[in-house]
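J.: coordinates for the following, if possible.
(chains A, B, C and D)
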Number of protein chains: 2
Amino acid sequence: MSADRQIRCGNCAVAKLCLPTGLSDSEIGKMEEVAEQKRQLNTKEYLYKAGDSFSGLYAVRSGSFKSVVVAANGDSQITSFTFPGEILGLDAYKGKSHTSYAEALETSSVCALPFDQLESLAQRIPALQRHVYSIFSEEIQQENEILLLLGKRSAEMRMAAFLINLSSRYSQRGYSASQFHLSMSRGDIANYLGLTVETVSRLLNRLQKTGAISVTQRQVEITNMLALSELAGTHCAIHD
Amino acid sequence: MSADRQIRCGNCAVAKLCLPTGLSDSEIGKMEEVAEQKRQLNTKEYLYKAGDSFSGLYAVRSGSFKSVVVAANGDSQITSFTFPGEILGLDAYKGKSHTSYAEALETSSVCALPFDQLESLAQRIPALQRHVYSIFSEEIQQENEILLLLGKRSAEMRMAAFLINLSSRYSQRGYSASQFHLSMSRGDIANYLGLTVETVSRLLNRLQKTGAISVTQRQVEITNMLALSELAGTHCAIHD
DNA sequence: TTCCTTGGTTGATTTAAATCAAAATCGTCG
DNA sequence: CGACGATTTTGATTTAAATCAACCAAGGAA
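T.: Next up is the predicted model:
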């Protein structure tokens, strides 16, 4: 357990994403006391399952996850993919148990942030408090965007928007915006976008034929970002 | 301004929904100091518009609202309907400006909760702090449910689930679970459910023909709740 | 009253994406 | 290595819901 706590937020690669800016060294030290290193997770391992009691939030250090809600009749919907520096488990605070499960898409590691400790630390560090609110608020914003995608967009627009979203998140993390590896299966993409695997496969093919992207298995290269964003309909239409 | 502050949470009909339980009288008093009465809004008036700077949250006292995100190309998606006792404006904390607009669906009134004051009060009243987290967390849970609806459900299932959702929210507020008035237009319902007006109209008609509901203009009566929930697919399928 | 406008319904037709079906490719494990 | 299962692709067919097109009813304004 003591070994588990060897967390150094100060030199963590993703701290700039999961910690508020402008914390003093001593405040970072307090944060490090709260954060616990969780075990590494292998592909398909669960970080938590639906119904698990809520203990706190998780900050992804490496790898990636999918969050899935399951309906009474068994069918499920991926509500988000989570990358390093992003936070998991926000749905569970109310009701004190998880309403979704989180599954590792590849070998991944997380920091556990026990909520009671985070809460009392945030009580004393206003910047942290505000950061916690920001995290919640950002999650809501993101879900609003997906709602827009699922409610109003064609299959092709969804696919294009999805790739652009991934691209910008990778580049935020210092990776290439134009070349990246999909950690999720075609089935996962389909589920997330409210489509079928077949449609996803065909769409990737079509986007490749039009020259917007180039796909080899799970390796994606965006070869024409402008074309892709026009397909996504995310650029401003008022220009002619 | 002084008149505007005549808020009495202590005897507000919806306080049990928007305040945490178990606050002392003096704590309720503090809350009343923070809450400002906002003007009444008429149908189609905006509580806030996209881009408005974030000042705080709003608790609906009476009436109802729709929250709408607008895409770059102009099309819009209703992300939620909000009823008395529920909270509006959660998307805006991060970034300090609203990413959606909120429009009154009927004559409505709200309490404004300036976030900086709410924040510092919550800092001193842990129960309130936890309540604020709960509100955020619940919002995320609700959006997850709609995501499931939009991603995986047929038009009929969406419609049935929508009516059941409204029914349970009305009954929570002490109104009839089986008879209620829709404050939103067919177009709003269609937009929210990712359908067209025509489809919504046809579906309501079909549900009426099967005997699950009875509709006259915006007045709805659920005549067979079991049938409706079977159509919604929300009941547990493991029973035969 | 009559003319508009807005909201809602109904019917015919089209189409995007699902479904059904099969083959190809990949990964991994004995 | 070969074989089995899982994932992905490709093709043919179906279908649920969108689109297109009238039409109707309820208010408001003139």
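
J.: show me where chain A has strands.
T.: Using DSSP state E, the strands of chain A run over A:36-41, A:46-48, A:56-62, A:65-70, A:76-82, A:87-88, A:100-104, A:108-114, A:179-181, A:213-216, A:219-222.

J.: got a list of contacts for the second one?
T.: The set of residues external to strand A:46-48 that reach it, using C-beta atoms under 8 Å, 6 or more residues apart in numbering or on different chains, is A:38, A:41, A:58, A:65, A:88-89, A:92, A:98, A:101-104, A:110. For every residue, glycine as well, the C-beta is placed using N, CA and C.

J.: 10 Å - rerun?
T.: Defining contact as C-beta atoms under 10 Å, 6 or more residues apart in numbering or on different chains, one finds that strand A:46-48 is touched by A:38-39, A:41, A:52, A:54-55, A:58, A:60, A:65, A:67-68, A:82, A:88-89, A:92, A:97-98, A:100-104, A:108, A:110, A:112.

J.: just the buried positions in the helix or strand bottoming out on mean pLDDT in chain A, please.
T.: In chain A, the helix or strand scored least confidently by mean pLDDT, DSSP states H and E is strand A:36-41, which has a mean of 82. Buried residues in strand A:36-41, counted by 16 or more other C-beta atoms under 10 Å in any protein chain shown: A:36-38, A:41.

J.: next: stretch A:182-198.
T.: For stretch A:182-198, by 16+ other C-beta under 10 Å, it's A:182-184, A:186, A:188-195.

J.: that older thread, could you dump the strands of chain A to TSV with distance to A:Met159?
T.: Shown next, in TSV, are the strands of chain A (distance: least, C-beta to C-beta, whole Å):
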stretch	distance to A:Met159
strand A:36-41	28
strand A:46-48	27
strand A:56-62	24
strand A:65-70	17
strand A:76-82	14
strand A:87-88	25
strand A:100-104	22
strand A:108-114	25
strand A:179-181	15
strand A:213-216	9
strand A:219-222	11
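
J.: looking at the ones you listed, which is closest to A:Leu231?
T.: Between A:Leu231 and the strands of chain A, the tightest spacing by C-beta to C-beta is seen for strand A:213-216, at 10.1 Å.

J.: list the buried residues of the closest one.
T.: For strand A:213-216, a neighbour-count test (16+ other C-beta under 10 Å) marks A:213-214 as buried.

J.: next, the contact list for A:Ala190, please.
T.: Contacts for A:Ala190 (C-beta under 10 Å, 6+ apart) come out as A:78, A:155, A:159, A:184, A:196-201, A:203, B:151.

J.: give me the number of residues near the closest residue in space to A:Phe54 that isn't next to it in sequence?
T.: Excluding the flanking residues, the one nearest A:Phe54 by C-beta to C-beta, 6 or more residues apart in numbering or on different chains is A:Ala92, at 3.8 Å. By other C-beta atoms under 10 Å in any protein chain shown, the residues close to A:Ala92 number 24.

J.: swap in A:Leu166?
T.: 21.

J.: now it: how far from A:Thr82?
T.: Computed with C-beta to C-beta, to the nearest Å, the distance linking A:Leu166 and A:Thr82 is 12 Å.

J.: and if you look at A:Pro126?
T.: Counting by C-beta to C-beta - A:Pro126 and A:Thr82 are separated by 26 Å.

J.: and these two? which has more neighbours close in?
T.: For A:Pro126 versus A:Thr82, neighbours defined as other C-beta under 10 Å are more numerous around A:Thr82 (24 against 13).

J.: tell me what the more buried one is bridged to.
T.: Using DSSP bridges, the beta-bridge partners of A:Thr82 come out as A:Phe65.

J.: can the longest helix seen in chain A be found next to chain B?
T.: Using DSSP state H, we find that the single longest helix of chain A is helix A:126-152. Yes: using C-beta under 10 Å from any C-beta of the partner chain, helix A:126-152 reaches chain B at A:126, A:129-152.

J.: what residues does chain A put near DNA strand C?
T.: A:154-156, A:194-196, A:198-199, A:217 (C-beta under 7 Å from any atom of the strand).

J.: rebuild those as a markdown table, extending it with distance to chain B and pLDDT.
T.: Formatted as a markdown table, those follow (distance: C-beta to the nearest C-beta, whole Å; pLDDT from 0 to 100):
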| residue | distance to chain B | pLDDT |
| --- | --- | --- |
| A:Ser154 | 12 | 96 |
| A:Ala155 | 12 | 97 |
| A:Glu156 | 14 | 97 |
| A:Gly194 | 4 | 97 |
| A:Leu195 | 9 | 98 |
| A:Thr196 | 11 | 98 |
| A:Glu198 | 16 | 98 |
| A:Thr199 | 13 | 98 |
| A:Gln217 | 25 | 91 |
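
J.: tell me the one of these nearest DNA strand D?
T.: In terms of C-beta to the nearest atom of the strand, no member of the residues of chain A next to DNA strand C lies closer to DNA strand D than A:Glu198, at 4.0 Å.

J.: make sure the closest one is actually in contact with A:Arg186.
T.: Yes: counting by C-beta atoms under 10 Å, A:Glu198 sits close enough to A:Arg186 to count as a contact (9.0 Å).

J.: which residues of chain A lie near DNA strand D?
T.: A:185-187, A:197-198, A:200-202, A:204-205, A:215, A:217-218.
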